[in-house]
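Asks: need the 3D shape of this:
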Amino acid sequence: MDRPSEHHSRGDRIRRAATPAEKLLEALEMPLASGDTKVDAGMRALAEEVLYLRGQEARLHRALSLSEALADRDALCPVFNRRAFVRELSREMALSRRHGSSLCLLYIDLDRFKLVNDRFGHATGDKALKSVCKLINSNIRETDIVGRLGGDEFGVILSHALRSDGDAKSAELTKLIGDMVITAPDGRTGEPVALGASCGIVQWDGRMGADALIAAADEAMYRSKTVRRQTPG
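Replies: Presented below is the predicted three-dimensional model:
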């Protein structure tokens, strides 16, 4: 049996773990050692309030970051909306100007998308748009940026890319989207629709602003669509 003095000695060596508030006070070189229980209680309460406010700030920061991310995303597709896309394009232009690198913009407009909505309904049209986004995202580099610029119109920013790179990527995406066939959903009838796409490519000249570059790519897309419509087969 332990002697009382030995038991008391071991008990003194067993320390209670410091609370987060006490650790904070120690870090601030304000440990609870005044000997006045009221002062110590007040200091502990203040430290706990500081920790609570820090937690609240962190939670609000995470909520704000999430809100900002959601505000940048398109309402339907997992890509940037037009506002965020223009912002990102301006940022990429600034980087290209600073480093003297090239930049291309693709403007993609889907063919026969209205026919998909008219024949199969808007729910099928929405699924088609999501499939197009998935296809584009799966066939670009991680550094490239995709945005939905309109109902069935998409933009792709190709950083460090020459016009030849833009032409090659345009041809690839146009073929992939051209191979997409939208079929009738369950409970509906109608001939399948071969989707297709027209694409405009513009290499940034180092002077145009973001809106002007998008407009130029849009115009190039319409020229491409006109040529495709006039080309047999």
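Asks: assumed Phe105 was part of a helix.
Replies: I think there's a mix-up here, since residue 105 is Leu and not Phe. No. The assignment for Leu105, made by DSSP: H, G, I helix; E, B strand; the rest coil, is strand rather than a helix.
Asks: which ones are touching it?
Replies: Counting by C-beta atoms under 8 Å, 6 or more residues apart in numbering, Leu105 touches Leu89, Gly155, Val156, Ile157, Leu158, Gly166, Ile201, Val202, Trp204, Leu213, Ile214, Ala217. Quick note: C-beta positions are derived from backbone N, CA and C, even for glycine.
Asks: so for the closest residue to it other than its chain neighbours, what's the pLDDT?
Replies: Of all residues not flanking Leu105 in the chain, Ala217 sits nearest, at 4.7 Å (C-beta to C-beta, 6 or more residues apart in numbering). On the pLDDT scale, Ala217 is placed at 97.
Asks: cool, and the one 10 residues further on?
Replies: The predicted local confidence for Val227 comes out at a pLDDT of 84.
Asks: next one: it relative to Asp109, how far apart?
Replies: 13 Å (C-beta to C-beta, to the nearest Å).
Asks: can you check Ile201 too?
Replies: On the measure of C-beta to C-beta, Ile201 and Asp109 end up 13 Å apart.
Asks: and these two? which has more neighbours close in?
Replies: Set side by side, Ile201 and Asp109 show unequal neighbour counts under other C-beta atoms under 10 Å, the larger going to Ile201 at 25 against 21.
Asks: quick one, what contacts Asp167?
Replies: Ile201.
Asks: can you do 10 Å?
Replies: Asp167 sits next to Cys104, Leu106, Ala161, Cys199, Ile201, Gln203 when contact means C-beta atoms under 10 Å, 6 or more residues apart in numbering.
Asks: nearest to Lys175, of the residues you listed?
Replies: Closest approach between the contacts of Asp167 and Lys175, by C-beta to C-beta: Cys199, at 10.4 Å.
Asks: what packs against the strand or helix carrying the closest one?
Replies: Take DSSP states H and E as the rule and Cys199 turns out to sit in strand 197-203. Contacts defined by 3 or more C-beta pairs under 10 Å, 6 or more residues apart in numbering; DSSP states H and E place strand 197-203 against strand 103-110, strand 153-159, helix 163-178, helix 210-230.
Asks: where along the chain do the helices fall?
Replies: Using DSSP state H, the helices of the chain run over 4-13, 20-27, 37-72, 82-99, 113-120, 122-138, 163-178, 210-230.
Asks: tell me the mean pLDDT for the second one?
Replies: Here the mean pLDDT over helix 20-27 is 74, rounded to a whole number.
Asks: return that helix as PDB; C-alpha atoms alone will do.
Replies: The C-alpha coordinates for helix 20-27 follow below in PDB (Å, rounded to 0.1, in the frame of the first residue of the first chain):
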ATOM      1  CA  PRO A  20      -7.400  26.100 -25.700                       C
ATOM      2  CA  ALA A  21      -8.100  29.400 -23.800                       C
ATOM      3  CA  GLU A  22      -5.200  28.700 -21.400                       C
ATOM      4  CA  LYS A  23      -2.900  27.800 -24.300                       C
ATOM      5  CA  LEU A  24      -3.800  31.100 -26.000                       C
ATOM      6  CA  LEU A  25      -3.000  33.100 -22.800                       C
ATOM      7  CA  GLU A  26       0.300  31.300 -22.500                       C
ATOM      8  CA  ALA A  27       1.200  32.100 -26.100                       C
END
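Asks: ok, Asp152 - contacts?
Replies: 108-114, 116-117, 125, 128-129, 132, 195, 197.
Asks: what residues are shared contacts of Ile201 and Asp109?
Replies: Met221, Ser224.
Asks: show me where pLDDT drops low in the protein?
Replies: For the chain, applying pLDDT under 70 flags the ranges 1-16, 29-36, 38-39, 47, 53, 56-70, 232-233.
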